[in-house]
Structure formats: structure tokens, C-alpha cells
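Asker: please work out how this folds:
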Amino acid sequence: MANLFSSFDPSTSLHIPLNWTSTFLCMIFVPCSFWLIPTRSSSLWKKILLSLHKEFKTLLGPTSLGSTFLFISLFSLILYNNFLGLFPYIFTSTSHLAMTLALALPLWLSFMVYGWINNTIHMLAHLVPQGTPPLLMPFMVCIETISNMIRPGTLAVRLAANMIAGHLLMTLLGNTGPYISSSLVSVLLITQILLLVLESAVAIIQSYVFAVLSTLYSSEVT
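Answerer: Just a heads-up that it's a prediction; the model follows:
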């Protein structure tokens, strides 16, 4: 069990927590020509960012004071870290709550502080959905308050749990390789490849979900 969870230990090598530097490895992997010469990869990435900008702008609304660059940067950071975690011997920083909570909690807290200071009436109106019977209003206020308080936790846990689950499943299947018959090795390889494709999809989806939900939370306070 210790070996199974060693990939999520930030201080596995020489007891020095250098694995957190994997968060900044994206700057090394991106070639310098990406910033200077327009290539097919840079053009594709710019199209993706432009699509995200349009979608986030729609979610934020025309009256929003926020910018989409914050959420696009958040999406890019999480996406890079999720994909880097799929490479062997690279620490997955987004599988730790220390990383995901550090992203979700300041965002949520800043939205709440801004909303309650500048739009107090609007924030109070959000606690009671329209059409709620007067008898149920105290219960709805409690339910809405609790659901609002757990938002950063759900954002952080969703991202970390999805990253951990896929990596653990691949590790468990990979550890069975030396103990199975040679006829089943091909089946194991195909399963691992399919799981890797699934993990790549999860890496994209979870970064997108994190950014979209953060955008929605931001649009509610304006």
C-alpha cells in the first residue's frame, strides 16, 4: 500500500519536496518558438482560448466587471498539470487538496467578499429562491448557505478525486503485470491504453469544469 500511494507523496525522492516543481514544468515543455512564431499548435491553442473567452464572457454576462483572462489562465494551469501527471515519474500536483484548495478557496472567498460588500441585497436575494413558500424560507436560507459554503470544497475535492482515482486504477492494473500469464498481457496493455485515453479526457474535462464553475460563481455575485 505504501508503494501504491507513493506517486502522491510530494517528498518521495531524497525526502525533499521538490515534486511540487512539476507545477512549473509546463514552461519548460512549451518551446520558445511558441511565443514568437505562429505554428499550427499555437494557432490551435489560440482558437481554443478564443472559444473559451467567448463562452466565459457569455457566462459572466454583459454587466460583469470581471475578466475572462483569470479563468482562462486557471483552465490552462490545471490542464497542463493534469496532462503532466500522465507522464511517468512526474508528480501530479492537482491530485493534492493542498493545490486544488489553494486555487478554489481564494477565488470563492474573493467572490463572497466582493458580493457581500457591493451587492448585499442581491446576495441576500440569492438565499431565497423565487417562489419559495414563506413557511419554507428559513429552511431554504440554511440550505442555500450550506451549499454556498461547501462550494470551494466541492471544487477542490472533485478535481483531486478524479486525478487520484484514474492514477490509482492504472497503478493497480500495472502492478498485476508480473503476476499474470503471458496470454493476458496483451489484454492488460489494451486496457492500460484505453485507461490512458480516458485519463486524457478526464484531464481536459476536469480543468474545464473547474474553470466554468468558477465563472458561474463569479457571475452570481454581480
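
Asker: so where do the strands sit in the chain?
Answerer: Counting by DSSP state E, the chain has no strands to list.

Asker: which helix or strand in it has the lowest average pLDDT?
Answerer: helix 33-36 (a mean of 68; mean pLDDT, DSSP states H and E).

Asker: next one: the residue lying closest to Gly61 once chain neighbours are set aside from Thr58, what distance?
Answerer: Distances taken as Cβ to Cβ, 6 or more residues apart in numbering put Ser219 closest to Gly61, at 5.6 Å, once the chain neighbours are dropped. C-beta here means a position set from N, CA and C on the backbone, and glycine is covered the same way. From Ser219 over to Thr58 the distance is 10 Å, taken as Cβ to Cβ, to the nearest Å.

Asker: looking at the two, which one has more neighbours?
Answerer: Taking other Cβ atoms under 10 Å, Ser219 and Thr58 do not tie; Ser219 has more neighbours (17 against 12).

Asker: and stretch 58-70, how far apart are its ends?
Answerer: End-to-end distance of stretch 58-70 (Cα to Cα, to the nearest Å): 15 Å.

Asker: ok now the longest helix along the chain, how far from the chain's centre?
Answerer: Longest helix of the chain, by residue count under DSSP state H: helix 185-219. Helix 185-219 sits 10 Å away from the centroid of its parent chain (Cα atoms, centre = their mean, to the nearest Å).

Asker: and it, what does it pack onto?
Answerer: Secondary-structure packing of helix 185-219 (3 or more Cβ pairs under 8 Å, 6 or more residues apart in numbering; DSSP states H and E): helix 40-60, helix 68-84, helix 97-118, helix 151-175.

Asker: please consider this matter closed, and thank you.
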